[in-house]
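Q: take this sequence and fold it.
(chains A, B and C)
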Amino acid sequence: MTEYTLAQLAERFGLPLIGNGDTVITGVGSLERAQPGQLGFVMHARYAAQLASTRASAVILPPALAPGHDGNGLLADNPHAAFARIAALFEPKPAMPAGIHATAVVEDGAVVDPGASVGPFCTVAAGSRIEAGAVLGGHCVIGPDCVIGAGTHLVARVVLVRNVILGKRVTVHPGAVLGGDGFGLAFDQGAWLKVPHLGGVLIGDDCEIGANTTIDRGALDDTVLEHDVRLDNLIQIAHNVYIGAHTAMAGCVGVAGSARIGRHCLVAGAAGIAGHIEICDHVTITAMSMVSHSIHQPGQYSSGMPVQESRRWRRTVARLRRLDSPRRSADHKDEDA
Amino acid sequence: MTEYTLAQLAERFGLPLIGNGDTVITGVGSLERAQPGQLGFVMHARYAAQLASTRASAVILPPALAPGHDGNGLLADNPHAAFARIAALFEPKPAMPAGIHATAVVEDGAVVDPGASVGPFCTVAAGSRIEAGAVLGGHCVIGPDCVIGAGTHLVARVVLVRNVILGKRVTVHPGAVLGGDGFGLAFDQGAWLKVPHLGGVLIGDDCEIGANTTIDRGALDDTVLEHDVRLDNLIQIAHNVYIGAHTAMAGCVGVAGSARIGRHCLVAGAAGIAGHIEICDHVTITAMSMVSHSIHQPGQYSSGMPVQESRRWRRTVARLRRLDSPRRSADHKDEDA
Amino acid sequence: MTEYTLAQLAERFGLPLIGNGDTVITGVGSLERAQPGQLGFVMHARYAAQLASTRASAVILPPALAPGHDGNGLLADNPHAAFARIAALFEPKPAMPAGIHATAVVEDGAVVDPGASVGPFCTVAAGSRIEAGAVLGGHCVIGPDCVIGAGTHLVARVVLVRNVILGKRVTVHPGAVLGGDGFGLAFDQGAWLKVPHLGGVLIGDDCEIGANTTIDRGALDDTVLEHDVRLDNLIQIAHNVYIGAHTAMAGCVGVAGSARIGRHCLVAGAAGIAGHIEICDHVTITAMSMVSHSIHQPGQYSSGMPVQESRRWRRTVARLRRLDSPRRSADHKDEDA
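A: Next comes the predicted model:
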């Protein structure tokens, strides 16, 4: 069983200690449900009441809350981050042995570093390279001309179709598909003609790609995620999108082709970003919003409509539409009729 | 060929018979397209015209419609349910032999009941247990510390990443990913820091999880679906969500972290539910609606906006925005300018 | 290295040549980033400036722009289509050898044409047929009663659950799930009862199905895509939907059960289409729009709401709701209060 004294944690993470340093910590928990032996954390004064009632043996808290806390604790300016670092000590990490599982199919012309781990039923095509410390869980399909950087982790069942370069320490969750054909069509002679996709996908260091998320190859140039981009589950990133470093997107977001998104942006769940537009750095898009034009000013943008009782909502829609009717306009002598 | 007389069906399902009990039923069909030998059903008086013209050999119908029907039939208060039960007799169910397919990889320390079926290319990690009568179609990946309850069916290519407990008679469709890391990040020292996810996923008995749906593990506590929760395809359930029994969600819904949804709720397609809110029992959310605040009253809620001709819609949007402009407010002497 | 002279390309594709026919073309590129040796294209006069500055060795352009271009070129009425055809010459196409990979599991009673290619870890169930020239990349799961037509390409990790008929020259991208159970439920005796799905999925010739897209089986009749239907990634097509020829849908679209969509329709990203409605031919739906009623007139329809600064958007929402309040109505003597 993993355990540390509070003093050991204080020293390891450089956090000031309050209370009894001999307190033994055997795990982490939420303040509300923590058991004795567990370490919790609190970010804001508004949760201070939980501090009094928690059964946690110690709490990570901001210095400002320390005077009101008479239990054990560690002080941190960013308690959430400190908690994340400490919690990682208690996370079970199944060891993946280096080497290629007996069932995996590695083509001649593929290079797998002896320090990489390739799980059961993986396939690695000629022309691809798996670097040291990379881990491929079961059922990954690595097409031609891919690179999987050092320390990168494909959890399981990840497909890299072709020409996908993953940096170092990237995490890709199950079901993600990277490097598929972009959705490029030309209409000609009464039917669709598929536009070949000769570009690739470039993923920077420390990115994370969620489960069942899809990132298409570029048509001619590449689809690019700079470093430390974080994508949740079920996100669609179309061909030739460019996403700046440290940008994070929540689940179900869709980004259309050739959109260019800045650094340090936050895109909340199920928002949509149109193709061929630009969003500057430090933009936040709230949930279910539609970005159909470029954004050149940092800030927060929205168009998600909160629910009302359906009966009222139907009336709201009816009146909204009437705003546009000539009669209504006339009634109000609206100059823009 | 599967066949029953109408009298046999009447007796088996306890449904009053009208017409000729010797009628042979060899399948089921819609009233509109049924062939002779098939059994159809009708729910509402408004489809009574189809009753007259159908070629179906017999029809399941509510007692109120019986006087107007001079063909063969079975009477049921809930014809759709009766139809579902009878149709199941005609559904081809490929028998999955008990046992572990020769190509599957079951680690030492995994427990597979001799009455379970593990299909080709499945992997089962140490610490996981497959109970009697469970069926894993091909290509399932079962990570550590999972339980697959008796009679549960993973159709094919399902991933349980880690610490996922499935109850009895659960159905999970292909491509679903359960137990992936939640999307938890702390921003620290100029970059994202991943928050470990030590919780699991608990799925109650008789739940159904659609194709390519994703359900993340909880951060500290579990993500929970009570019994008989029904999820369609391409749904995202974030970490620490709690969904009450008998709630059903249609395709493309997204539920953000720590949302708590009651029992007997219905969530229509592509609706979004914000994190850290509560929805009480017996709430219906219509399609493409955004629930950004808690709902404490049962009822139906909406914010999905129906399409107009684009030209008109653009005018509607322009006027809607003008509602917010100072000039317009002044024109109308609007007190809330 | 693949290379052609401009004259060879002109002859092969029947395009008038301008400039030096001996120019050697070794690849394709965007005007902006093309290198010497590459062929670019331009569609519109508004990109004519790029024509002057490009480093591309030749350009495909519409005849109207020829007078202003003093470099090498090929003339085409539809330069994008001509470009697509020529680019295909330079697309790497890993040869998939005919035959069944040693690791694949093909059940007795499945028929695989000797001219088809079945990749590693595929499974093909009894009762299914793979026709000549079809290519199954790795990890495909083909359930019972499926047909994969001549020249059809399952890129990798495609699941056909059951009773799925794919026409000729269809492309299906990784992670797609076709033929899963529709989401059909009857509520009975306090719980959900699953409605069996006895229909199938019919996909016409030359269709394309994106990564992680899901298409469910019909309940009694089939779910149908006519020929040349193009679906992007992460799309949900529910049971018994019918989609006409040449219709294209961008990523994240959801189509509910039994919707009937015409030919030559375009559905932009993340739009939603309700169940049991009809959309006629030649309808365009813009991004994030909700189609909740049938559309009987060709044209373009919208309800996607573009973002504003959040502060302004909140005011817009507040005023929109006030439109519906009795007080406001009274103030304006609104006759429909």
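Q: for A:Arg129, which residues are in contact?
A: Neighbouring residues of A:Arg129 by C-beta atoms under 8 Å, 6 or more residues apart in numbering or on different chains: A:Ala110, A:Val111, A:Val112, A:Asp113, A:Cys146, A:Val147, A:Ile148. Any C-beta I mention is one placed from the backbone N, CA and C, and that applies to glycine too.
Q: which SS class is the closest residue to the fourth one other than its chain neighbours?
A: Excluding its sequence neighbours, the residue lying closest to A:Asp113 (C-beta to C-beta, 6 or more residues apart in numbering or on different chains) is A:Ala132, at 4.3 Å. Under the three-state scheme (DSSP: H, G, I helix; E, B strand; the rest coil), the conformation of A:Ala132 reads as coil.
Q: mind checking how far A:Ala132 is from A:Ala95?
A: Plainly put, A:Ala132 is 16 Å away from A:Ala95 if you go by C-beta to C-beta, to the nearest Å.
Q: more neighbours: the two, which one.
A: A:Ala132 (14 against 7; other C-beta atoms under 10 Å in any protein chain shown).
Q: which residues touch the more buried one?
A: With the criterion set at C-beta under 8 Å, 6+ apart, A:Ala132 makes contact with A:Asp113, A:Pro114, A:Gly115, A:Ala116, A:Ala150, A:Gly151.
Q: what confidence value was assigned to it?
A: A:Ala132 is assigned a pLDDT of 97 by the prediction.
Q: for it, phi and psi?
A: The phi/psi pair for A:Ala132 (degrees, to the nearest 10) reads phi -60, psi 140.
Q: how does chain A divide into domains?
A: For chain A, automatic domain parsing gives the domain ranges A:4-90, A:158-301, A:311-337.
Q: need those domains in a markdown table (columns: mean pLDDT, distance to C:Ala82 and mean neighbour count).
A: Written out in a markdown table, the entries for the domains of chain A read as follows (pLDDT from 0 to 100; distance: least, C-beta to C-beta, whole Å; neighbours: other C-beta atoms under 10 Å in any protein chain shown):
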| stretch | mean pLDDT | distance to C:Ala82 | mean neighbour count |
| --- | --- | --- | --- |
| domain A:4-90 | 94 | 53 | 18 |
| domain A:158-301 | 97 | 9 | 24 |
| domain A:311-337 | 68 | 43 | 15 |
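Q: nearest to C:Val28, out of those domains?
A: domain A:158-301 (6.6 Å; C-beta to C-beta).
Q: is the closest one in proximity to chain B?
A: Yes: against chain B, domain A:158-301 shows contacts by C-beta under 8 Å from any C-beta of the partner chain at A:171, A:173-175, A:206, A:208, A:210-212, A:228, A:230, A:232-234, A:246, A:248, A:250-252, A:269-270, A:287-288.
Q: which element, helix or strand, includes A:Ala10?
A: helix A:6-13 (DSSP states H and E).
Q: hmm, I typed the wrong one, I wanted A:Ala52.
A: Using DSSP H and E, A:Ala52 sits within helix A:48-53.
Q: right, and the helix or strand after that helix?
A: Counting by DSSP H and E, what follows helix A:48-53 is strand A:58-61.
Q: what sits up against that following strand?
A: Outside strand A:58-61, the residues within contact range by C-beta under 8 Å, 6+ apart are A:6, A:15, A:19, A:23, A:25, A:31, A:39-42, A:51, A:69, A:71-76, A:79, A:82-83, A:86.
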